[in-house]
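1. no FASTA, just this:
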């Protein structure tokens, strides 16, 4: 039972996985987020938690971001974006929501690992983090971690890279950010 | 085990409790909600669920309403309102949040039963639904239901009465409401 | 803008709708809940909030109940039950989850209004509360309330009727219930 | 706007911060979690999301873990543990809950950065991740990231290190884990 060894495994796996992401795709994603009227997120389980952190930070940066199912979720329209987080691209609810969003005319972005998933036919842009999913596909990075832990970690870290890119691009002053932050709790 | 008998108990208790609410206070509440820039809600357990339904409906009516803790909760400011739901007025988190909101200069409204609670010193307006709380005070309506079920039911029904009053006052067309409703799920 | 008038509309509509529920079906539901190993709930929007209140109360009564998506949601198995709340029976996610639960061998109960919905083919028991849905079907009770408010109110009140029936059947002492109640907030 | 540069900053900051955690404290934490009857978590905002991921994974490993406020949160008792996530140790709700849990006789663990916080007087064990908080204390690791992003990332990665330590200690077979995983979504 070794803290340091396991810490090193996780840090290295995250670094390797995030290194593989296509930079042009990331730049396109930032552009799409900044041009969207509303950004919606859907995911399940621990992936959903990472996407909630993503949405929360985007709100701090002045971008209207919502989880599908939120108390104050607006109706989706043509100039909105849905970001679907699903490693395998085979999770039931994300597929159903992606399909619906496509019918409504919105843009669909898939954050996932599996390039040939059921979501791919609804997708305008895939950001591929090529890590182990429950499908254990041959072109995925193996992980020594349980289940889809590595994907979940990458979602949070990736979200925070995007946040830093937006902060740089928009010249946002970090000190000012606290003034938009929730202040009741 | 009798469905109809229990249905009648619940319907009657709700009716009796909601009958006791002071109408002037309700009119003041509607006014405050309509004038607020943002409406925040705090409550715990099943009361929180009733307040979430309240917040969700207010959003449908074009009012910016949030649960404390929401993904996209903004900072509270002077022209905002906090609605605290707590039968006893002695729940830990609602008290702490009410105190903080008061310091930030917002208006505090207490939806509760106990008039002499710890929240009362932070309160600008109390809407009293005088039903059984875990304190079993002498001026509360006894309930044959478990715990604070009656209070929780009254929160939801009261929220929906307020929604109907706002719809009337603003001449909102019910048919149009669906177009603002979330459409992805 | 009239508090009392709107209160009376809501109370009466709830009473009329709950009156129409088939009592044999309710008794079967109570039996199924008491025999289930785990009870899962799925619904969206304000219906979901009512089901959460249902699940929370069942837990107080010693029954293992979960929302699909909960932090500690277990795997569904053959001796488990899924309760789907959907007025129209046409909501995307509830249909997808019902289908999946059926494949896993669990029992499916539909709390809804529309008898001829997409969920019906997966359903072992339908509890029909025949109120207005977004489909505005001819055999639904019209409501003067916005959208599916009446259905949402009925879900909460119905849940609490079921809770009282279980309390009676199991001879649960109301005073003891608080000792199982969450005590940290 | 540079993806790779920002990725490297985040990975390096996470590594440096997690490197500073006291290993004896971590071993004690694992012991306490394994001996607890129930593990409760409290935190707010993005820290809460990291703790939810922690709780979710513990449940997969057969440990009863709950967020304070969960649908099926049981009453806290003497043989239970509360894990409080708060960088500054000065967040309102976590302090209030820690105080209450102490009165109920449970163990309190603080995951945070500030050693001299209001929570410290209720704490049995502090796991210190010495990173930037909103207090900007002199003994904190500076971060180039916004607000408390680094702390939030560390919470998730730390949780997953703990999960791996438990898996090793208990000889849990990773392949078997999926069978306890929620299977409806």
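-> Arrived safely. Everything quoted here is computed from the prediction, not taken from an experiment. Residues are numbered from 1 along each chain as shown, chains lettered A, B, ... in the order given.
2. alpha carbons only for contacts and neighbour counts from here, please
-> Will do.
3. Briefly note if the lengthiest helix in chain A comes near chain D.
-> Here the longest helix in chain A is taken by residue count, with DSSP state H as the criterion, and it is helix A:149-170. Yes - remark: helix A:149-170 sits within contact range of chain D at A:149, A:153, A:156-158, A:160-162, A:164-166, A:168-169, by Cα under 8 Å from any Cα of the partner chain.
4. From these, keep the buried residues only.
-> Among the residues of helix A:149-170 next to chain D, the ones that count as buried by 16 or more other Cα atoms under 10 Å in any protein chain shown are A:149, A:153, A:156, A:157, A:158, A:160, A:161, A:162, A:164, A:165, A:166.
5. Can you lay out those as CSV showing pLDDT?
-> Compiled in CSV, these are given as follows (pLDDT from 0 to 100):
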residue, pLDDT
A:149, 97
A:153, 98
A:156, 98
A:157, 98
A:158, 98
A:160, 98
A:161, 98
A:162, 98
A:164, 97
A:165, 98
A:166, 97
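6. give me every residue that touches residue A:59.
-> Contact analysis of residue A:59 by Cα atoms under 8 Å, 6 or more residues apart in numbering or on different chains lists A:65, B:71, B:72.
7. go with 10 Å
-> The contact partners of residue A:59, taken as Cα atoms under 10 Å, 6 or more residues apart in numbering or on different chains, are A:39, A:53, A:65, A:66, A:180, A:181, B:71, B:72, B:73, B:74.
8. Please identify the helix or strand for the residue of chain A found nearest chain C.
-> Chain A approaches chain C most closely through residue A:93 (6.0 Å), counting by Cα to the nearest Cα. Residue A:93 is part of helix A:92-103 when elements are defined by DSSP states H and E.
9. is the next helix-or-strand element following that helix anywhere near chain B?
-> Toward the C-terminus, helix A:92-103 is succeeded by strand A:107-112 as the next helix or strand (DSSP H and E). No - no part of strand A:107-112 sits close enough to chain B to count as contact by Cα under 10 Å from any Cα of the partner chain; the gap is at least 12.5 Å.
10. partner strands of strand A:107-112, parallel or antiparallel?
-> Strand A:107-112 sits in its sheet next to strand A:81-85 (parallel), strand A:125-128 (parallel), going by DSSP bridges.
11. Show me what counts as buried in it.
-> For strand A:107-112, a neighbour-count test (16+ other Cα under 10 Å) marks A:107, A:108, A:109, A:110, A:111, A:112 as buried.
12. The fifth one and residue A:50 touch, don't they?
-> In other words, residue A:111. No - proximity of residue A:111 to residue A:50 does not meet the contact threshold set by Cα atoms under 10 Å, at 11.5 Å.
13. what's the overlap in contacts for those two?
-> Common neighbours of residue A:111 and residue A:50, counting by Cα under 10 Å, 6+ apart, are A:43, A:85, A:151, A:155, A:158.
14. Residues in contact with stretch A:16-28: which ones?
-> The set of residues external to stretch A:16-28 that reach it, using Cα under 10 Å, 6+ apart, is A:10, A:12-13, A:29, A:31-32, A:34, A:125-132, A:140-143, A:150-151, A:154-155, A:157-158, A:161-162, A:165, D:1-4, D:7-8, D:11.
15. of those, buried ones?
-> Buried members of the contacts of stretch A:16-28, scored by 16+ other Cα under 10 Å, are A:10, A:13, A:29, A:32, A:34, A:125-132, A:140-143, A:150-151, A:154-155, A:157-158, A:161-162, A:165, D:3, D:7, D:11.
16. so residue A:41 is in which element?
-> Taking DSSP H and E as the criterion, residue A:41 maps to strand A:39-42.
17. Would you mind confirming that residue A:8 makes contact with residue D:15?
-> Yes - in this structure, residue A:8 is within contact of residue D:15 by Cα under 10 Å, at 8.0 Å.
18. Get me the contact residues on chain A for chain C.
-> Neighbours of chain C within chain A, by Cα under 10 Å from any Cα: A:44-46, A:48, A:68-71, A:73, A:92-97, A:100.
19. swap the cut-off to 7 Å and go again
-> Within reach of chain C by Cα under 7 Å from any Cα of the partner chain, chain A has these residues: A:45, A:69, A:92, A:93, A:96.
20. Point out the least confident member of those, please.
-> Checked by pLDDT, those have residue A:92 as the lowest-scoring entry (87).
21. picking up where we left off before, need the strands paired with strand A:107-112 in a markdown table (columns: distance to residue C:121 and mean pLDDT).
-> Formatted as a markdown table, the entries for the strands paired with strand A:107-112 read as follows, by distance: least, Cα to Cα, whole Å; pLDDT from 0 to 100:
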| stretch | distance to residue C:121 | mean pLDDT |
| --- | --- | --- |
| strand A:81-85 | 29 | 98 |
| strand A:125-128 | 35 | 98 |
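22. Now tabulate these in CSV and tack on distance to residue B:20.
-> Supplementary listing: these in CSV, determined by distance: least, Cα to Cα, whole Å:
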stretch, distance to residue B:20
strand A:81-85, 46
strand A:125-128, 57
